[in-house]
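A.B. asks: Sequence plus predicted model, see below.
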Amino acid sequence: MALELIVNVLLLVFSVICFVYVGATMPASAASDLGAEQWPQALLIILALALCWNMRNYFKRNNLKDIVDAFKQFLPDILDFLKSKLFIGMVILVAMSQLYEPVGFITTSLLFLIAYGLLLGQRKPLVLILSAVLITLLLYIGFSVFLGVMLPRGNVFFLRSIALFLESIVQAIMS
Amino acid sequence: MFDLLISGMSVVFAPQMFILIIFAVFLGTIFGALPGVSATMAVTLGIPFTYKMDPVSAIAFLVAIYCASITGGGMTAILFKIPGVPSSAPTTYDGYPMAQRGEAGKALGIQLVCSAIGGMFAAICMLLLSPQLTQAALSFGPAELFAISFMGLSILTSLEIDNICRTLISGLIGLLLACIGLDPLLGVPRMTFGTRFLTSGIEMIPVMIGFFAVTEVLKQTNKPSKLDAVGGQQQTNTKMPSVKEMLSIKWLVLRCSTLGTVIGILPGAGATIASFLCYSAEQKLSKHSEKFGTGIIEGIAAPEVGNNAAVGGSMVPLLSLGIPGGNAAAIMMSALVLKGVTMGPLLLINQPQFLSATFASMFVSNIIMVFAAVIIAKIFVQILKIPYSILGPTIIMMATIGAYATKNTAVDVILMAISGLIGFVFVTCKFNSSAMILGLVLGVICESNLRRAFTIAPGNTLLQSAMSIVTRPITGVILLICAAVLFWPVLKPLIQKLRKGNEAA
């Protein structure tokens, strides 16, 4: 409940900042032309009004006591969230997106599939490892070999060498 | 006309070509089903196969891939909530809930049959009305095109009747995200805050994949119970829709086929606008509009008929005038130009076999597609039986490949991950992800056409220019319809309240 109000307020502040920023950075437009700044500014005005209306609805829907209680509970909720599976999942996801190019597809895919599978409750190590290897292989063959989609090999020297070695094995089998 | 038809069929039914078309249909369906491999990319990937073909066979082959890829996109939209192509985004609204209920077979059956009917309807229209419709489309200026794309946006207030304000906010956020990057007319960086990676704008595919696929996996991660399968805990039913169910949507199919074909013919407006518009129009016309979004067959049929009909429509300006209606059509055009074909109005006069072969290929590939896609769909349905601890991470990994493949840059993977996280906050705060995507998809088309309309409109002030735009007959009528569609969900409860007040008095 508290998060909704916080998001609304943040969006409102961001809308105001964007309105000023876009007006200041765009070149002046002709009197009869719709300038580069006018379309986003018009959208921002409507957005700000809609956000204000949404906040009005928020206060109408919830009584003040509940809102105060929600804000008191907000910090403990955040601490609970930091311990949750969801937060760990988010961290794994962000880490994967950061590592995808430098580490390369094969290593990232193997690590991600094992880590996320473990998080989702797969406790059999053999199933976890075998499925990760099989899926990585299928994805690699499907996208890279058959479709010619570029998959990153990684920038780290030894990981790149491993990726090239594995790719050469797959390509040798395929041919 | 009969000779033309015979010549087209003779091209397609030549043994070697027929096998190639079957191959193209399988290839296109799989390409379309894979997230991140767009219809344009599917056609591009098909070009190397055409190097040894003559130009007429080449266009027939590429058209088959194009049609099948649009259909394939709907399969992952239904099963994994990942729209394989942007035009499949509205299919997720009802397709995914239906698959979640264990009716994946029925959802896919509806999607395939409706796609095929839409495609065949557009193929016939293309053959019969090609020159006339092209002339009509050419008379449409930026003002009319703005009005048509705005019509797609008018669905915003009816996406979630009980949550209009938040849905509107979501749509506006999408429209604003579409403003980021180089200005479509002036070419100056806008709302980039000085960052380099925002200069090229917010890429649609990674955001869409993030909002739909990644958010869904995160939602499942958050569930406290032990997860076994994404298709709910029920058994996945592979039963196809009955003839009675198909007949119940015959008028919807006819309406959406017509609308989709007309939208496809308009340059710049493509399958994506057609699918959103058909969904919105059918929701308005439906007697049970509140059921849209909960997993009903009408919600799957409308966008799928619309986007496939638009594919046929988009071939009209390409063949008649050499104007590609969209990106995939532009790729096809370049493939023909590579073969020394001169595109333009003289093409159909001197070589009418191009039109007949395209028609025959579209017609035949839409029929083959139903059988090919049923086989592929049955395999895809089995995927739902895989434990979620394996399927969930695989979906994210496929999404990652899809996001990376867009431009081969890690920025898009990060964008996908961020979109997934924002999508989760969106869901938590009861905002509407579909509305956000709608705004993002239609934002650029809407803005660029509106601004072009203002540039060419007579008038010394903004108000005078605006008046001359809205007083154009077609634009005015379409905008009036838009206003009615946009404000009706807001006004309806007020009118009902007033009526009740009067009755009580």
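C.D. replies: Cool, got the structure. Numbering: from 1, shown residues only, chains lettered A, B, ... in the order given.

A.B. asks: Okay, strands next: where are they in the stretch 351-500 of chain B?
C.D. replies: Counting by DSSP state E, counting those that start in this stretch, the stretch 351-500 of chain B has no strands to list.

A.B. asks: Flag every residue of it that's near chain A.
C.D. replies: Neighbours of chain A within the stretch 351-500 of chain B, by Cβ under 8 Å from any Cβ of the partner chain: B:387-390, B:392-394, B:396-398, B:400-401, B:404-405, B:408, B:410, B:413-414, B:416-417, B:420-421, B:424-425, B:428-430, B:447, B:450-451, B:454-455, B:457, B:459-462, B:464-465. For glycine as for every other residue, the C-beta is placed from the backbone atoms N, C-alpha and C.

A.B. asks: ok, of these, which come out buried?
C.D. replies: Listed as buried from these are B:387-390, B:392-394, B:396-398, B:400-401, B:404-405, B:410, B:413-414, B:416-417, B:420-421, B:424, B:429, B:447, B:450-451, B:454, B:457, B:462, B:465; burial here means 16 or more other Cβ atoms under 10 Å in any protein chain shown.

A.B. asks: quick one: which of the residues of the stretch 351-500 of chain B next to chain A sit in helices?
C.D. replies: B:388-390, B:392-394, B:396-398, B:400-401, B:404-405, B:410, B:413-414, B:416-417, B:420-421, B:424-425, B:428, B:447, B:450-451, B:454-455, B:462, B:464-465 (DSSP state H).

A.B. asks: Spatially central residue for chain B, please.
C.D. replies: B:S87 (1.5 Å; Cα atoms, centre = their mean).

A.B. asks: residues contacting that residue?
C.D. replies: Contact analysis of B:S87 by Cβ atoms under 8 Å, 6 or more residues apart in numbering or on different chains lists B:39, B:70, B:73, B:270-272, B:274-275, B:303, B:307, B:310.

A.B. asks: All the helices of chain A, residue numbers only.
C.D. replies: Going by DSSP H, chain A shows helices at A:2-25, A:38-61, A:64-83, A:85-103, A:105-119, A:125-139, A:157-174.

A.B. asks: deepest of the ones you listed, which one?
C.D. replies: Comparing the helices of chain A by mean neighbour count (mean count of other Cβ atoms under 10 Å in any protein chain shown), helix A:105-119 ranks first with a mean of 22.

A.B. asks: Closest one of the contacts of B:S87 to chain A?
C.D. replies: B:A39 (14.1 Å; Cβ to the nearest Cβ).

A.B. asks: Can you give me the neighbour number for that closest one?
C.D. replies: The number of residues packed near B:A39 is 33, by other Cβ atoms under 10 Å in any protein chain shown.

A.B. asks: Can you tell me how far it is from B:F18?
C.D. replies: As for B:A39, its distance to B:F18 is 23 Å (criterion: Cβ to Cβ, to the nearest Å).

A.B. asks: now swap in B:F276 and tell me
C.D. replies: From B:F276 across to B:F18, the span is 35 Å (Cβ to Cβ).

A.B. asks: Of the two, which one has the most company?
C.D. replies: Each of B:F276 and B:F18 has its neighbours counted (other Cβ under 10 Å); B:F276 has more, 29 against 14.

A.B. asks: pLDDT score for that one?
C.D. replies: Looking at B:F276, its pLDDT is 86.

A.B. asks: again, but for the one 4 residues further on
C.D. replies: Here the pLDDT value assigned to B:S280 is 83.

A.B. asks: Phi and psi next, for the closest residue to it other than its chain neighbours.
C.D. replies: Closest residue to B:S280 apart from its sequence neighbours, by Cβ to Cβ, 6 or more residues apart in numbering or on different chains: B:I155 at 3.3 Å. Main-chain torsions, B:I155, degrees, to the nearest 10: phi -70, psi -20.

A.B. asks: so how many other residues sit close to B:I155?
C.D. replies: The burial count for B:I155: 25, using other Cβ under 10 Å.

A.B. asks: Hmm, it is touching B:S275, no?
C.D. replies: No - using Cβ atoms under 8 Å, B:I155 is not in contact with B:S275, being 11.0 Å away.

A.B. asks: ok, B:Q283 - contacts?
C.D. replies: B:155, B:158, B:289, B:292, B:299, B:302.

A.B. asks: let's see it at 10 Å
C.D. replies: By Cβ atoms under 10 Å, 6 or more residues apart in numbering or on different chains, the contact list for B:Q283 reads B:90, B:93, B:155, B:158-159, B:161, B:289-293, B:298-299, B:302, B:485.

A.B. asks: Please tell me how far the residue lying closest to B:F212 once chain neighbours are set aside sits from chain A.
C.D. replies: Nearest residue to B:F212, sequence neighbours excluded (Cβ to Cβ, 6+ apart): B:K81, at 4.9 Å. B:K81 sits 16 Å away from chain A, going by Cβ to the nearest Cβ, to the nearest Å.

A.B. asks: Might one say that B:Y404 is in contact with A:L139?
C.D. replies: No - B:Y404 lies out of contact with A:L139 (Cβ atoms under 10 Å); the separation is 11.7 Å.

A.B. asks: Three-state assignment for B:A335, please.
C.D. replies: Here B:A335 is recorded as helix under DSSP: H, G, I helix; E, B strand; the rest coil.

A.B. asks: Nearest spatial neighbour of the residue nearest the centre of chain A, chain-adjacent residues omitted?
C.D. replies: By Cα atoms, centre = their mean, the mean C-alpha position of chain A lies nearest to A:V94, the distance being 6.8 Å. In this structure, A:V94 finds its nearest non-sequential neighbour in B:A417, 5.5 Å apart by Cβ to Cβ, 6+ apart.

A.B. asks: Look up how far A:L99 lies from the one you found.
C.D. replies: B:A417 is 11 Å from A:L99, by Cβ to Cβ.

A.B. asks: again with B:F431
C.D. replies: For B:F431, the distance to A:L99 - Cβ to Cβ - is 30 Å.

A.B. asks: cool, and B:F363?
C.D. replies: Taking Cβ to Cβ, one finds B:F363 at 48 Å from A:L99.

A.B. asks: likewise B:I155?
C.D. replies: 39 Å.

A.B. asks: Check A:F165 too.
C.D. replies: Applying Cβ to Cβ to A:F165 and A:L99 gives a distance of 19 Å.

A.B. asks: In chain A, what helix or strand scores lowest on average pLDDT?
C.D. replies: Ranking every helix and strand in chain A by mean pLDDT, DSSP states H and E puts helix A:157-174 at the bottom, with a mean of 79.
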